[in-house]
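Engineer: Build me a structure from this.
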Amino acid sequence: MPDTALYFWIAPLLVAPFVGSFLGVLLRRLPRGHGVWRGVVFGRSACDHCGRTLSPAELVPLASFLALGGRCRGCGARIDPSLPAIEIAAFGVALWAVLALPDAATIWAGCALGWTLLVLGWIDCRHLLLPDVLTLPLALGGLAVTWGLEPEALTDHAAAAVLGYAAFRMLGAAYRRLRGREGLGQGDAKLVCAAGAWIGLAGLPWAIFLAGVLGLLMVGIMRLADGPVGAATRLPFGAPLALAIWLVWLYVPG
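Structural biologist: Numbering: from 1, shown residues only. Got it, this is the predicted structure:
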């Protein structure tokens, strides 16, 4: 348990469901092509079915979903269960960070990383998409956090970001040349760039190896659930990569 004052580690737990609610907005709107400012920051929350603007009382994380019985108050349509699910998951990320990390600054940095990776992995599983509006700020955020928490490691982390991105772009180009189709998307390369910014040269190989293991596990689950997975099947590699980055940042010494 962190050695900071009580409010330093309980605050992320209180904030987490509200962050999860915002992540739910990102989850629904970014894949539809809505801009961050017009569609997310200034866009009004509304029912996906009837378009009715939601009141503040209907936007309280988890409590509103339970009070409404999981249905829109206006039209009675079922509310997407992924919305309360991502709020719970955001709380889980914060709780994990509080239990695993030693001080307030690192806890907040870990929450920021974990929440961003959570929504990236979720979007990738749903839409096979890793939006630049999330991956690129994540890379810059990793360098900023490194500068703030461990400034002597900034060069190492910047080099890892550049090398990770370049290596995945070259790997994707080689696959496309050999197989005649895309194997790794540009979003994957940008997420690896962000990984390097957060975990540095020493952690990057661990993250890629762990992502590969988790990816194979995902393929096995998909085969059990949905049937055959062929060579041409598109897989959301961003999801296992996101989890691997989180685990390496938490537990693998830099």
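Engineer: care to break this structure down by domain?
Structural biologist: In the assignment given by automatic domain parsing, the structural domains of the chain cover 1-107, 128-254.
Engineer: Pick the most buried one from those domains.
Structural biologist: Mean neighbour count, computed with mean count of other CB atoms under 10 Å, is highest for domain 128-254 among these, reaching a mean of 17. Backbone N, C-alpha and C define where each C-beta goes, glycine included.
Engineer: and that domain, average pLDDT?
Structural biologist: Taken as a whole, domain 128-254 has a mean pLDDT of 87.
Engineer: Tabulate the domains of the chain (JSON lines), appending distance to residue 116.
Structural biologist: Formatted as JSON lines, those follow (distance: least, CB to CB, whole Å):
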{"stretch": "domain 1-107", "distance to residue 116": "9"}
{"stretch": "domain 128-254", "distance to residue 116": "5"}
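Engineer: quick one: which of those is nearest residue 122?
Structural biologist: Go through the domains of the chain one by one with CB to CB and the one that ends up closest to residue 122 is domain 1-107, at 5.7 Å.
Engineer: In which helix or strand does the closest residue in space to residue 93 that isn't next to it in sequence reside?
Structural biologist: Using CB to CB, 6 or more residues apart in numbering and skipping the chain neighbours, the partner closest in space to residue 93 is residue 114 (3.8 Å). Using DSSP states H and E, the element containing residue 114 is helix 104-127.
Engineer: chain center to the helix or strand that that helix is followed by: distance?
Structural biologist: Sequence order places helix 132-149 as the next helix or strand after helix 104-127, per DSSP H and E. Distance of helix 132-149 from its chain centroid, counting by CA atoms, centre = their mean, to the nearest Å, is 13 Å.
Engineer: helices and strands around the longest helix along the chain, which ones?
Structural biologist: Longest helix in the chain by number of residues (criterion: DSSP state H): helix 186-226. For helix 186-226, the elements it packs on are helix 104-127, helix 132-149, helix 154-179, helix 238-251, judged by 3 or more CB pairs under 8 Å, 6 or more residues apart in numbering; DSSP states H and E.
Engineer: For the shortest one, C-alpha coordinates in CSV please.
Structural biologist: As requested, C-alpha coordinates have been extracted for helix 238-251 and formatted as CSV (Å, rounded to 0.1, in the frame of the first residue of the first chain):
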residue,chain,number,x,y,z
GLY,A,238,-3.6,-3.7,-29.9
ALA,A,239,-5.6,-5.3,-27.1
PRO,A,240,-2.9,-7.8,-26.0
LEU,A,241,-0.3,-5.2,-26.6
ALA,A,242,-2.1,-2.7,-24.4
LEU,A,243,-2.3,-5.2,-21.5
ALA,A,244,1.4,-6.1,-22.0
ILE,A,245,2.5,-2.5,-21.8
TRP,A,246,0.5,-2.0,-18.6
LEU,A,247,2.0,-5.1,-16.9
VAL,A,248,5.5,-4.3,-17.9
TRP,A,249,5.2,-0.7,-16.7
LEU,A,250,3.9,-1.9,-13.4
TYR,A,251,6.2,-4.8,-12.7
